[in-house]
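>>> sequence plus the predicted model coming up.
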Amino acid sequence: MSDKAAAVVREYYEALRRGTPLPPYFLEDSSTTKFGISEAAFGYDAVAEALESQTETTTDWSVESHGLSINEDGAYATFVDEVTMAWTDTEAGTDRRFDTRWSGTLVRPEVVESGSKAVDAGDDAPPWLFRTMHVSTADEL
């Protein structure tokens, strides 16, 4: 995997399509936050639990990026994207489709400090990790 933040975001989209674990893409820290279309999770444990539940109850993901933009600045990066996403909700037996807006921040775990020590994300972790992610629908009111 490339050491660029854009490559990590694209790989996250691929992991979503494949139904592979998503928590490894997030910083293991109490500051980690993820807002989805219908939920909010605060802290890594809550984010990981929400993502694991999502993976267990959905299938057949389609994720189409329409304008990924990344700004890397040292240990931090910001991203925005417009994404068409669709999936099957296996619990409800229904197909879902949304035009969405994504934004958030990523961090390089080897240089970010958590408290007084560097964060160790492990050898298999992506070179960038999401600290915040916000996904909202682009529907007009």
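Nice, thanks for sending it over.

>>> where does the chain dip in pLDDT?
Within the chain, the stretches with pLDDT under 70 are 1, 111-124, 140-141.

>>> tell me where it has strands.
Along the chain, counting by DSSP state E, strands occupy 33-35, 40-42, 58-65, 69-73, 76-89, 94-107, 113-114, 117-118, 129-137.

>>> most tightly surrounded among the ones you listed?
strand 33-35 (a mean of 20; mean count of other CB atoms under 10 Å). From N, CA and C alone the C-beta is placed, and that goes for glycine too.

>>> can you list the strands that that strand pairs with?
Strand 33-35 pairs in its sheet with strand 40-42 (antiparallel), strand 129-137 (parallel), by DSSP bridges.

>>> sorry, back to before: among the strands of the chain, which is nearest Lys4?
Lys4 lies closest, by CB to CB, to one member of the strands of the chain: strand 69-73, at 7.2 Å.

>>> tilt between that closest one and strand 76-89?
Interaxial angle, strand 69-73 versus strand 76-89 (axes from the mean of the first three to the mean of the last three CA atoms, to 10 degrees): 140 degrees.
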